[in-house]
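Novice: Here is a sequence with its predicted model. Questions after.
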Amino acid sequence: MIRFLTVFAAFLALAVANPVKAWGFYAHRITASIALENVTPETRAEIDRLLKAAPLLGTPECALETLEDASVWADCVRRDFDRWGYTAAWHYKTAPIDEEYNARQNCSGGACVNGQIERAMNVLSRRELPDNVRLEALAFLVHFTGDIHMPLHSGDKDDRGGNDRETDYGIVPSLNLHWIWDGPMAERAISSARPTLVRRYTAEERAALSGGTPADWGRESWELSRTLVYPIAFDTENPAEADLPEKTALTQEDIVAQLPALRRRVQQAGLRMANLLDEALG
């Protein structure tokens, strides 16, 4: 028992010290794996061909050998602030949950997640462009398609998408609401899914889970924040009008209640990603 507690404490310390890695190294990569299982053979071959241009991007510290690598490349390169700091605002488009959602608000020049999905899709589709330019667009496309499906990249209650809300996760104290959805809850939702989320989906499943535009996907995430994430986290039916505390806690019941919605968002991200890639590359 003592050994277990020691290992758990070390794991927790590592997780808290590296919060940005949890979603990046699990949920993002899973969405890419789902996409890869559901694209056409022609699209898969074109992805493999474009990945050979990775050395031309000049980011050797950020792996870019597979589509799974591409799904986290945008998070890796923005650590180099001098070269990539300007991309930070591209990862989200938070909108207040007490106002109507507007896909173009807070997105000047397309500098938001839905705007950048559209831009990356347009660049990736242009076959006359050099492979390294299209590969960069591919990496941004797959990453931002994952980001826009995370509810707290869209919904906000004056707290940077939950980043400023100290939240206990079951017995684990003092995380924050955004990171819980990014990290431990995403991992639990994916790893407990039956059947596995990474598989070839039927035409009927794809029809039910995919479709829509990036603006629609952002609105879906905003709606989930407004009707699921904040209400459960703060035990209120109308979080848009409530004065929420800075600290809260998620019980095991709270966590389990949100797993189906989180799984669905991962599936939607992967299948919609597959559709975008087939359209641009197939």
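Specialist: The structure has been received and is ready for your questions. Numbering: from 1, shown residues only.

Novice: State the mean pLDDT of the longest helix along the chain.
Specialist: Longest helix of the chain, by residue count under DSSP state H: helix 252-281. Averaged across helix 252-281, pLDDT comes to 98.

Novice: and it, which residues are buried?
Specialist: 254-255, 258-259, 262-278, 280-281 (16 or more other CB atoms under 10 Å). From N, CA and C alone the C-beta is placed, and that goes for glycine too.

Novice: Stretch 234-253 too?
Specialist: Buried, per 16+ other CB under 10 Å, within stretch 234-253: Phe234, Pro239, Ala240, Leu244, Thr248, Ala249, Leu250.

Novice: Just the ones in helices from those residues, please.
Specialist: Phe234.

Novice: which two in the buried residues of stretch 234-253 are spaced the farthest apart?
Specialist: Ala240 and Ala249 (21.0 Å; CB to CB).

Novice: Not counting its neighbours along the chain, what's nearest Asp254?
Specialist: Ile232 (5.1 Å; CB to CB, 6 or more residues apart in numbering).

Novice: Next, count neighbours for the one you found.
Specialist: Ile232 has 18 neighbours, counted by other CB atoms under 10 Å.

Novice: For it, give me the pLDDT.
Specialist: 97.

Novice: so which helix or strand takes in it?
Specialist: helix 230-234 (DSSP states H and E).

Novice: Can you verify Gly115 is assigned to a helix?
Specialist: Yes. The assignment for Gly115 by DSSP: H, G, I helix; E, B strand; the rest coil puts it in a helix.

Novice: so it sits right up against Gln105, yeah?
Specialist: No. At 11.2 Å, Gly115 does not count as touching Gln105 under the criterion of CB atoms under 8 Å.

Novice: Compare those two and say which is more crowded by neighbours.
Specialist: Gly115 (22 against 13).

Novice: Run the angle between the helix or strand where Ile190 lies and helix 252-281 for me.
Specialist: Element membership of Ile190 [criterion: DSSP H and E] is helix 184-191. Angle, helix 184-191 to helix 252-281, by axes from the mean of the first three to the mean of the last three CA atoms, to 10 degrees: 70 degrees.

Novice: which residues of the stretch 1-150 of the chain fall in strands?
Specialist: 95-96 (DSSP state E, counting those that start in this stretch).

Novice: So, low pLDDT: which residues of it?
Specialist: Counting by pLDDT under 70, the stretch 1-150 of the chain shows low-confidence ranges at 1-24.

Novice: Contact partners for Gly212?
Specialist: Glu220, Arg272 (CB atoms under 8 Å, 6 or more residues apart in numbering).

Novice: ugh, wrong one, I meant Leu271
Specialist: Here Leu271 is in contact with Ile34, Ala35, Asn38, Tyr201, Glu205, Arg206, Leu209, Ser210 (criterion: CB under 8 Å, 6+ apart).

Novice: These in helices, which ones?
Specialist: Ile34, Ala35, Asn38, Glu205, Arg206, Leu209.

Novice: I'd say Val229 and Gly162 touch.
Specialist: Yes. Taking CB under 8 Å as the definition, Val229 is a contact partner of Gly162 at 7.3 Å.
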